[in-house]
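1. Got a sequence here, can you build the structure:
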Amino acid sequence: MKGIEYYREESFDMIEVKTCCDDLHAYKSHLHHELSIGYIKKGATILNVNGEEYHMEAGEAVIIYPYVSHICQPEDINNWEFTMIYIDNEFCKGICNNSVVKNSIGIKRLGDDEFEQIKDLSNLLKSNVSSFDKEVELTNTLNELFSKCDIDIQFQSSKKMNLIKKYIEEHFLDTIQLKDMEAEFDINKFSLIRNFKSKFNTTPNAYQLQLKVDYGKELLKRSNNIVDIALKAGFYDQAHFTREFKKAHGITPLQYYKAIH
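-> Here you go, the predicted model:
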């Protein structure tokens, strides 16, 4: 297999499974509103999170928390395969006693045992077992991962920058003005942009764009009207949305829609 494949079912829609083989799945930094858990089956990659680079290779697994901007760059595109499981954040909160919220900035890098556990989980989620069995296994796996994994990579940032980040998340479909943020947070625009990029390795407007792409991806789960989705997600037109979506996910919005339906 070469390319990108998605698995999703309507009766168990709190999860989505993505497999990428010998293909570049993202061209620029992006984020997911879901909790992301994945493992590398072959090859190696440089995972860039918040400006820090982490070398990961076959046999390793990782948890990336919601709204963390990141990008993976495989070392050899012809020797590269990974699987990611995207899990609804609200579902995770109920399991993990809000640990996802408490650790919302950062990633967890996992060990050998967790790699096998996540690999088995992804296979089960794509199987024909009942939704009940899937939910029980997913819940059990998350409980064990959050209780056992002990390698934390977490990033500290100022309270003000966290508030600005949250403000963008709550208003990403609006027209955001720097002057309004200056007044809201009592900070000049030069310090705002410099400190935001220092803490999150992206500018405020680039982060807003990532949120729009992620929202468009969510809308594609229910519709293939790309023009309408592009406008609802805050893009100028279909071409703009398609271009940014492909940069973030390696395929066009229509290809994604067909892959999950």
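2. okay, CA-based contacts and neighbour counts for the rest of this
-> Fine.
3. Any stretches of the stretch 101-250 of the chain with poor pLDDT?
-> Under the criterion of pLDDT under 70, the regions of the stretch 101-250 of the chain flagged as low confidence span 101-106, 148-157.
4. tell me the domain boundaries of the protein?
-> Residue ranges of the domains in the chain are recorded as 3-154, 159-260, according to automatic domain parsing.
5. How many residues are close by Lys258?
-> By the criterion of other C-alpha atoms under 10 Å, Lys258 has 12 neighbours.
6. so which helix or strand takes in it?
-> If you go by DSSP states H and E, Lys258 is part of helix 253-260.
7. Going by neighbour count, list what's buried in that helix.
-> Neighbour counts using 16 or more other C-alpha atoms under 10 Å place Pro253, Tyr256, Tyr257, Ile260 of helix 253-260 among the buried residues.
8. remind me, longest helix of this protein?
-> With DSSP state H applied, the helix covering the greatest number of residues in the chain is identified as helix 131-148.
9. Buried residues of it, list them for me.
-> Buried residues in helix 131-148, counted by 16+ other C-alpha under 10 Å: Lys134, Glu137, Leu138, Thr139, Thr141, Leu142, Leu145.
10. again with stretch 33-51
-> 33-51.
11. Then stretch 80-97?
-> Under 16+ other C-alpha under 10 Å, the buried positions of stretch 80-97 are 80-89, 92, 95-96.
12. Would you mind giving those residues as JSON lines with distance to Lys189 and pLDDT added?
-> Converted to JSON lines, the buried residues of stretch 80-97 look like this (distance: C-alpha to C-alpha, whole Å; pLDDT from 0 to 100):
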{"residue": "Trp80", "distance to Lys189": "41", "pLDDT": "92"}
{"residue": "Glu81", "distance to Lys189": "42", "pLDDT": "92"}
{"residue": "Phe82", "distance to Lys189": "40", "pLDDT": "92"}
{"residue": "Thr83", "distance to Lys189": "40", "pLDDT": "93"}
{"residue": "Met84", "distance to Lys189": "37", "pLDDT": "93"}
{"residue": "Ile85", "distance to Lys189": "37", "pLDDT": "95"}
{"residue": "Tyr86", "distance to Lys189": "35", "pLDDT": "95"}
{"residue": "Ile87", "distance to Lys189": "35", "pLDDT": "93"}
{"residue": "Asp88", "distance to Lys189": "34", "pLDDT": "89"}
{"residue": "Asn89", "distance to Lys189": "32", "pLDDT": "81"}
{"residue": "Cys92", "distance to Lys189": "36", "pLDDT": "77"}
{"residue": "Ile95", "distance to Lys189": "39", "pLDDT": "61"}
{"residue": "Cys96", "distance to Lys189": "37", "pLDDT": "55"}
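13. Narrow those to those in strands?
-> Among the buried residues of stretch 80-97, the members falling in strands are Glu81, Phe82, Thr83, Met84, Ile85, Tyr86, Ile87 (criterion: DSSP state E).
14. The residue nearest the centre of the chain: what secondary structure?
-> The geometric centre of the chain, computed from its C-alpha atoms, lies nearest to His32 (C-alpha atoms, centre = their mean), at 2.8 Å. Taking DSSP: H, G, I helix; E, B strand; the rest coil as the rule, one finds His32 in the coil state.
15. Quick check: the gap between it and Lys108.
-> 15 Å (C-alpha to C-alpha, to the nearest Å).
16. so how many other residues sit close to Asn79?
-> In terms of burial, Asn79 registers 14 neighbours under the definition other C-alpha under 10 Å.
17. my read: it touches Thr45, true?
-> No. Look at Asn79 against Thr45 with C-alpha atoms under 8 Å: they stay out of range, at 10.3 Å.
18. How are the strands of the stretch 51-200 of the chain distributed by residue range?
-> Using DSSP state E, counting those that start in this stretch, the strands of the stretch 51-200 of the chain run over residues 52-57, 61-64, 70-74, 81-87, 106-110, 152-154.
19. Including distance to Ile176, could those go into a markdown table?
-> Rendered in a markdown table, the data for those read as follows (distance: least, C-alpha to C-alpha, whole Å):
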| stretch | distance to Ile176 |
| --- | --- |
| strand 52-57 | 28 |
| strand 61-64 | 27 |
| strand 70-74 | 23 |
| strand 81-87 | 29 |
| strand 106-110 | 25 |
| strand 152-154 | 28 |
